[in-house]
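Q: Below is the structure, and that's it, no one-letter string:
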């Protein structure tokens, strides 16, 4: 399936380098424009009927070819197909704009640039602010052209955002979005988060999710565990026991193949349309050569954070400064970018220092620090841990008395002792149920956890690990479930396939 329909579908074997530069080594058809979907006819004879639900706004065509993926030979091209309503409002997702719980931002996608509306509550409405991005916003390299600038470009349509105001914290409301001219979404029930300084917060957290097809077709950068995690998290949302979701980097893995953002937004819709979906930027959203990122790699495929910041507008200080803090319930969350300068003289470091020093621990007794790249891991890998990042930022966590630090990037789950400079400053005790319990009434150091197990192919732990600081390790797909009160945070690693709790720990304060 090709989109847009006027794309060049002749054979381009060298286009394999577009995939490889972003870290994707899977087998895909080497056409001169990225195919949105591809499948062998023998695996899905009904595919050409286009009954799949991931069809997009732009015209598409179907192409039949032989010769395999490496040397495709075009046999037949279908006439271009148009969609009945390419302007239909799609993929509405929520985010918090502040710590009050009284306002929520809704962001959605449409083929129409005219402002639309969100209608919510008892007859309230707000008009949307409309934005988009273009190929000119993408970045390329003179050595290897980026997929975002050329081969993988796909028109994003128009991104609408509107802020619903006058809400009540920890309450349920309904909304729909669109307009009479382009149509309306279904009416959706959502829940506002608790106001900062209140007694309780229930949240889920994970990193490195991405997306995967629900059929036998292939596409760029499939994250095989994402579907089971989405299904498990959707069940959690449906239970009514979740206030917010935090996704800490490596969001869609589109990496310059822009249509993949649509796939991802479609996949998370059952979650992100119902509760606040807060994000951090990762290497696969931001990093590119000569773009100002800390790491001079091609991991974003030339996106340089532009699609991410457009689709997921967080309460950040400015464009390309993707750090922020927010308070919900008894928790203050400091969210950073590990891909932007974090050295001591940097703007971000000074912001981190000021933000964490300003936390009122009577109002929000818990301080949780989140970012993409970790400080500790037992799984080997290229740039899994940047020792300079640890040297610069870890002392600030200790000085600020961070209770818990959550990271992704490494694709598994791992929990530490109360750690500083690779040493256990204190080990947890066991409660009556045998659950590890960290007493922060007598603070020693942050607890750290890697939670990058939400979709990307898992990183296995080597045999014979002898890191005294590593207390729990699981190479399984899942997510972190947290329940914070004023005196206790209960945290559980939930296995998405079995729905069982594979690790559990508490952090307490008198």
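A: That came in fine, so what should we check first? Note that the structure is a prediction, hence the values are computed from the model and not measured. Residues are numbered from 1 along each chain as shown.

Q: Can you tell me the SS state at residue 228?
A: helix (DSSP: H, G, I helix; E, B strand; the rest coil).

Q: For residue 277, which non-adjacent residue is spatially closest?
A: What sits nearest to residue 277 in space, not counting adjacent residues and going by C-beta to C-beta, 6 or more residues apart in numbering, is residue 245, at 5.0 Å. The way it works is simple: take the backbone N, C-alpha and C, and place the C-beta from them, glycine included.

Q: show me what contacts that neighbour?
A: 203, 204, 205, 233, 271, 272, 275, 276, 277, 278 (C-beta atoms under 8 Å, 6 or more residues apart in numbering).

Q: do the same with residue 469
A: So, once contact is read as C-beta under 8 Å, 6+ apart, residue 469 ends up touching 376, 416, 417, 419, 422, 423, 424.

Q: Any regions of the stretch 151-300 of the chain where pLDDT drops low?
A: Regions of the stretch 151-300 of the chain meeting the criterion pLDDT under 70 are absent.

Q: so where do the helices sit in it?
A: 226-239, 259-272, 283-286 (DSSP state H, counting those that start in this stretch).

Q: looking at these, which is buried most?
A: Highest mean neighbour count among these (mean count of other C-beta atoms under 10 Å): helix 283-286, with a mean of 28.

Q: Give the other helices and strands that whatever helix or strand comes next after that helix contacts.
A: Helices and strands here follow DSSP states H and E; after helix 283-286, the next one along the chain is helix 306-311. Here helix 306-311 touches helix 259-272, helix 283-286, going by 3 or more C-beta pairs under 8 Å, 6 or more residues apart in numbering; DSSP states H and E.

Q: Distance to residue 133 for those helices - can I get that in JSON lines?
A: As requested, those are exported to JSON lines (distance: least, C-beta to C-beta, whole Å):
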{"stretch": "helix 259-272", "distance to residue 133": "11"}
{"stretch": "helix 283-286", "distance to residue 133": "13"}
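
Q: Between those helices, which one is closest to residue 429.
A: helix 259-272 (35.0 Å; C-beta to C-beta).

Q: Tell me what angle that closest one forms with helix 226-239.
A: If you take axes from the mean of the first three to the mean of the last three C-alpha atoms, to 10 degrees, helix 259-272 sits at 30 degrees to helix 226-239.

Q: If you count contacts, what does helix 259-272 end up packed against?
A: Using 3+ C-beta pairs under 8 Å, 6+ apart: helix 259-272 touches strand 90-96, helix 226-239, helix 306-311.

Q: one step back: list just the nearest of the contacts of residue 469 to residue 478.
A: Checking the contacts of residue 469 against residue 478 by C-beta to C-beta gives residue 416 as the nearest, at 17.8 Å.

Q: Surely that closest one is within a strand?
A: Yes. Membership of residue 416 in a strand is supported by three-state DSSP.

Q: How about residue 291: what's its closest non-neighbour residue?
A: Closest to residue 291 by C-beta to C-beta, 6+ apart is residue 304, at 4.6 Å.

Q: so how far is residue 133 from that neighbour?
A: When distance is defined by C-beta to C-beta, to the nearest Å, residue 304 is 10 Å away from residue 133.
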